[in-house]
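**Student:** Quick one: sequence plus predicted model below, questions after.
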Amino acid sequence: MGQEQAISHLRSLAASSTYSNMIFLGPSGTGKTSAAIVFSREILGDTFATNFKHLNVRDLRYYSVAKAKRSLQSLAKLDRHERTELDEYMSVVFQAAKARLKAKGQKRAPNRSQLLLEAIRFFASTITVSDELVKILVLDEADALDMNMQQALRRTMEIYSDACRFIFITPSITGWSPAVISRSLVVRFPSPSMEVIESLVTRIAKAEGVKIDNDALVAIARESSGDMRRAINILQVAATGSAIVTEDGVYECSETQLVGEVRRVVTLAIDGQFIKARKSLRNLIAIEGYTPEEICLEIERDITRRPFDSAILSQILDRVATINHRILQAKNPFIQLTALLASIGRIAVSETT
Ligand SMILES: Nc1ncnc2c1ncn2[C@@H]1O[C@H](COP(=O)(O)OP(=O)(O)OP(=O)(O)O)[C@@H](O)[C@H]1O
Ligand SMILES: [Mg+2]
């Protein structure tokens with residue numbers, strides 16, 4: 001819903017089968033991943049199962065080499081819930097990367113970024129394609145590719161351009177290599193309007209037999225900030241345990257755990273309780289499993305909701321931007337986030353003195 005332009009664009013590409021590499025650009029929960037899957041099914045038909053792959057770049061970037069070293073045989077001995085499809089894929093990729101590097105004279109095992117590039121190259125190069133059809137490789141969260149990776153990727157795109165189409169999914173292309181952008185068609189998925197979200201929520205509520213009044217509908221549309229997935233989640237939680245969704249109910253359940261936790265962490269940092277703030281931050285990442293990027297984004301939202309004067313606010317947001325950028329490049333994003341907390345504390349203190 002609300003993506004008529006993207007849909008008609010993709011429809012005509014699918015009909016003419018002259019599609020190139022693509023970049024799906026837009027904020028969270030606007031239908032990018034769903035569209036990539038639907039589009040690929042349409043193009044690939046019966047060969048979808050073998051000629052389609054969806055890889056999350058962030059998962060690949062943080063995939064540990066030690067895990068990838070496990071052989072398929074040893075993975076097979078694990079319980080089904082202890083191994084994922086990605087585990088199996090990365091085990092194969094590890095062997096491929098090792099063989100390639102060995103052929104080039106490198107004796108060491110592949111490192112993380114070599115593993116990531118091989119994960120991309122491997123699918124593009126090896127899976128057989130039935131006559132005239134192509135393969136489609138979806139690289140989700142492609143904003144996590146740094147410049148070096150993009151350079152290497154560009155070569156892969158060129159070498160396998162006959163056989164494999166890439167769909168990159170990303171919230172932004174600032175900082176992307178022009179070489180990659182120029183080889184791709186950009187399809188935009190803008191944030192839907194309040195009306196579109198309201199009609200989506202209305203439709204689902206109706207289908208599920210949930211009563212929702214107009215104020216609650218407006219509240220969901222507002223709280224979801226253009227994220228359809230979030231709108232659906234809020235509706236679902238608000239409808240749990242009561243068949244009537246009210247405005248109060250929506251506000252009660254729309255505060256996620258992350259929002260609450262980040263507010264506590266930032267408050268601690270502002271109050272000068274840096275050690276405590278750092279500890280809670282560590283728990284958020286290590287125990288709750290939030291990614292550093294989503295925490296950074298939530299810190300930014302939290303900061304803008306606080307009553308700072310604009311000079312202080314702009315100083316802090318400037319830091320947020322720097323740290324956000326560094327997180328994408330850094331080996332240890334936790335260190336970057338603690339640095340951000342330290343800055344917030346320092347800048348906030350300067351306001352009161
Ligand atoms: N345009 C839309 N119309 C209807 N439902 C939508 C739309 N966009 C998203 N949704 C709902 O939200 C869910 C998540 O959408 P999807 O994963 O495609 O979003 P995304 O753009 O890939 O988000 P992210 O950037 O967070 O990965 C979908 O399963 C669907 O239920
Ligand atoms: Mg997605």
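**Tutor:** That came in fine, so what should we check first? Numbering: from 1, shown residues only. Ligands and ions are numbered 1, 2, ... in the order given.

**Student:** Could you list every helix and strand in contact with whichever strand or helix holds residue 165?
**Tutor:** For residue 165, the element it lies in under DSSP states H and E is strand 164-170. Counting contacts by 3 or more C-beta pairs under 8 Å, 6 or more residues apart in numbering; DSSP states H and E, strand 164-170 packs against strand 21-25, helix 32-44, helix 112-126, strand 135-140. Heads up, the C-betas are built off the backbone N, CA and C, glycines and all.

**Student:** Mind listing the strands it pairs with, and their directions?
**Tutor:** With DSSP bridges as the test, strand 164-170 is paired with strand 21-25 (parallel), strand 135-140 (parallel).

**Student:** What's the first helix or strand after the least confident helix or strand in the chain by mean pLDDT?
**Tutor:** When the helices and strands of the chain are scored by mean pLDDT, DSSP states H and E, helix 247-254 comes last with a mean of 83. Of the helices and strands lying after helix 247-254 in sequence (DSSP H and E), the nearest is helix 257-270.

**Student:** neighbours of whatever residue of the stretch 51-200 of the chain ends up closest to ligand 1, just the number please.
**Tutor:** Closest approach of the stretch 51-200 of the chain to ligand 1 (C-beta to the nearest ligand atom) occurs at residue 200, with a separation of 5.4 Å. By other C-beta atoms under 10 Å, 20 other residues sit near residue 200.

**Student:** What score does the residue nearest to it when sequence neighbours are not counted have for pLDDT?
**Tutor:** By the measure of C-beta to C-beta, 6 or more residues apart in numbering, the closest residue to residue 200 outside its immediate chain neighbours is residue 1, 5.2 Å from it. With respect to pLDDT, residue 1 has a value of 93.

**Student:** residue contacts, residue 1?
**Tutor:** Residues in contact with residue 1, defined by C-beta atoms under 8 Å, 6 or more residues apart in numbering, are 192, 196, 199-200, 228.

**Student:** element containing the residue of the stretch 251-353 of the chain found nearest ligand 1?
**Tutor:** When scored by C-beta to the nearest ligand atom, the stretch 251-353 of the chain has residue 294 as its residue closest to ligand 1, at 9.9 Å. Residue 294 belongs to helix 292-305 when assigned by DSSP H and E.

**Student:** Rounded mean pLDDT for that helix, please.
**Tutor:** Summarised as a single mean, pLDDT over helix 292-305 is 91.

**Student:** So which bits of it are buried?
**Tutor:** By neighbour count with 16 or more other C-beta atoms under 10 Å, helix 292-305 contains the buried residues 292-293, 295-300, 302-303.

**Student:** Go through those and say which is closest to residue 333.
**Tutor:** Nearest to residue 333 among the buried residues of helix 292-305 is residue 292, at 3.6 Å by C-beta to C-beta.

**Student:** which non-adjacent residue is nearest the closest one?
**Tutor:** residue 333 (3.6 Å).

**Student:** quick one: contacts for that neighbour?
**Tutor:** Contacts of residue 333 (C-beta under 8 Å, 6+ apart): 292-293, 326-327.

**Student:** again, but for residue 262
**Tutor:** 284, 295, 298-299, 302.

**Student:** Do you know the pLDDT at the residue nearest the centre of the chain?
**Tutor:** When C-alpha atoms, centre = their mean is applied to the chain, the residue found nearest the centroid is residue 141 (4.1 Å). Looking at residue 141, its pLDDT is 92.

**Student:** same check, this time on residue 128
**Tutor:** Predicted confidence (pLDDT) for residue 128: 62.

**Student:** how close does the nearest residue to residue 339 once chain neighbours are set aside sit to residue 269?
**Tutor:** Among residues not flanking residue 339 along the chain, residue 323 sits closest, at 6.5 Å (C-beta to C-beta, 6+ apart). Using C-beta to C-beta, to the nearest Å, residue 323 is found at 13 Å from residue 269.

**Student:** Just say which of the helices and strands packed on strand 164-170 is most tucked in.
**Tutor:** strand 135-140 (a mean of 24; mean count of other C-beta atoms under 10 Å).

**Student:** Lovely, talk soon.
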